[in-house]
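Enquirer: I'll drop the sequence and a predicted model, then ask my questions.
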Amino acid sequence: MSPPSSKSESGLARLLGSGTSGILELFIFHPIDTVAKRLMTNPNKVFVTGAPLSQGFKNLDAVIFKNASSASALKKYTSLFPGLGYAGGYKVLQRVYKYGGQPYVKDYLNNHHKDTFYKVFGEKSGKTVIHATAGSLIGIGEVALLPLDVLKIKRQTAPETLKGRNIFKIFWDEGLGLYRGGLWTAARNAPGSFALFGGSAFVKEYLFGLKDYSKATFFQNFCASIGGAIASISVAQPLDVVKTRIQNRPFDAPESGAQIIKNMIKYEGPTAFIKGITPKLIVIGPKLVFSFTVAQQLIPILDNFFVSKGIISKPTQSL
């Protein structure tokens, strides 16, 4: 997603705008996320050399739809919505935190460290790096939401591990085990978020020559969003596969990230690190256009509405 506008919208507008974006995004794109997660956690080859192509598609059907692979088309589709409750909490909080929080970190860097960034990278690159660095710092802090992400992934890929337990019992039983893979998550988020916000700012700065990112047209924001997202997915995918497999393990059978990487290379080869990347890339275009349309346009609309109704005072402009 493109970096948030340089206009300092109110916290209330950011909260409602980004939260609404997360809710709508969840219902539209959760099935594709489930497909990607199931492909990433599948250790076996789907299309086996020498086997009929039809068998490969049968294997793919079983990996994606699991027990619903022989069901009707409608039941297959609904089977891609496991963990919707966990996913809802995670997605909405993630969007509010990430898209609403990055502008605050960016403003802090602008107000206290802009001269340093500009001196080291130059004015144009410095502005881009500030956006990227703010995104990276926010990405690292996203580890706080890890338990909801863990539960979402388990419901998508291994629902039997949660059977018969509500969320309160799971938190009580597992405790800090829900933060398994936290270091790998931070290791993925830091470069991934850096590339997301930095790549988007790079496109706006260097491709379109924008001085004020808030004045970008819809097309410019579309291109910037695609550029940032592709960069983020490409950089983070290998670590995302490792993180997903760590989180997908049964609670009582942990396996270190290093051991998972070793086994992936030994038994699956280097291509295992890009499993599930195709569905993620396919969804990038419409997902980010959607995210921009909802979040980037709804936040200013809500902000102007709140100002006009006297709910909030007129916000100031950030650097």
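Expert: Received, thanks.
Enquirer: name the element residue 227 belongs to?
Expert: helix 218-248 (DSSP states H and E).
Enquirer: tell me the mean pLDDT for that helix?
Expert: Mean pLDDT, computed over helix 218-248, is 82.
Enquirer: Ok, stretch 189-205 next?
Expert: On average, stretch 189-205 scores 91.
Enquirer: Okay, buried residues for that stretch please.
Expert: Within stretch 189-205, the residues that qualify as buried by neighbour count (16 or more other CB atoms under 10 Å) are 189-205. Where C-beta positions appear, they are placed from N, C-alpha and C, glycine not excepted.
Enquirer: swap in stretch 299-307?
Expert: Quick answer for stretch 299-307 (16+ other CB under 10 Å): 299, 302, 303, 306, 307.
Enquirer: How far does that stretch sit from its chain's centre?
Expert: Its chain's C-alpha centre lies 26 Å from the corresponding centre of stretch 299-307 when counted by CA atoms, centre = their mean, to the nearest Å.
Enquirer: same question, stretch 76-84
Expert: On CA atoms, centre = their mean, the centre of stretch 76-84 falls 19 Å from that of its chain.
Enquirer: Which residues outside it are in contact with it?
Expert: Under the criterion CB atoms under 8 Å, 6 or more residues apart in numbering, residues 26, 30-31, 34-35, 64-69, 71, 151-156, 159 lie in contact with stretch 76-84.
Enquirer: One more: stretch 16-30?
Expert: Outside stretch 16-30, the residues touching it (CB under 8 Å, 6+ apart) are 9, 80-81, 84, 87-88, 91-96, 98-100, 283, 287, 290-291, 294-295, 298-299, 302.
Enquirer: how about a cut-off of 7 Å?
Expert: 81, 84, 87-88, 91-92, 94-96, 99-100, 283, 287, 290-291, 294-295, 298-299, 302 (CB atoms under 7 Å, 6 or more residues apart in numbering).
Enquirer: Mark which of those are buried, thanks.
Expert: Using 16+ other CB under 10 Å, the buried members of the contacts of stretch 16-30 are 84, 87-88, 91-92, 94-96, 99-100, 283, 287, 290-291, 294-295, 298-299, 302.
Enquirer: where along the stretch 201-319 of the chain do the helices fall?
Expert: 218-248, 257-263, 277-291, 297-308 (DSSP state H, counting those that start in this stretch).
Enquirer: export the ones you listed to JSON lines and tack on distance to residue 39?
Expert: Output for those, formatted as JSON lines (distance: least, CB to CB, whole Å):
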{"stretch": "helix 218-248", "distance to residue 39": "10"}
{"stretch": "helix 257-263", "distance to residue 39": "16"}
{"stretch": "helix 277-291", "distance to residue 39": "7"}
{"stretch": "helix 297-308", "distance to residue 39": "32"}
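Enquirer: Could you grab the helix/strand/coil label for residue 47?
Expert: Taking DSSP: H, G, I helix; E, B strand; the rest coil as the rule, one finds residue 47 in the coil state.
Enquirer: for the helix holding residue 227, the distance to its chain's centre please.
Expert: 7 Å.
Enquirer: Repeat that for stretch 145-156.
Expert: 13 Å.
Enquirer: name the element residue 43 belongs to?
Expert: Secondary structure (DSSP H and E) places residue 43 outside all helices and strands.
Enquirer: so how far is residue 137 from it?
Expert: Remark: distance between residue 43 and residue 137 (CB to CB, to the nearest Å) = 34 Å.
Enquirer: Neighbour count: the two, which is higher?
Expert: Neighbour count, other CB atoms under 10 Å: between residue 43 and residue 137, residue 137 has more, with 19 against 11.
Enquirer: Contact partners for the more buried one?
Expert: Contacts of residue 137 by CB under 7 Å, 6+ apart are residue 105.
Enquirer: mind putting the buried residues of stretch 299-307 in CSV, pLDDT and distance to residue 279 included?
Expert: Formatted as CSV, the buried residues of stretch 299-307 follow (pLDDT from 0 to 100; distance: CB to CB, whole Å):
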residue, pLDDT, distance to residue 279
299, 75, 28
302, 84, 32
303, 80, 34
306, 89, 38
307, 86, 41
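Enquirer: Residue 236 contacts residue 194, correct?
Expert: No. The criterion here is CB atoms under 7 Å, and residue 236 misses it with residue 194 at 9.6 Å.
Enquirer: Break this protein into its domains for me.
Expert: In terms of domains, the chain is parsed into 11-42+81-309, 46-80 (source: the TED database).
Enquirer: okay, those domains, which one's buried deepest?
Expert: domain 11-42+81-309 (a mean of 19; mean count of other CB atoms under 10 Å).
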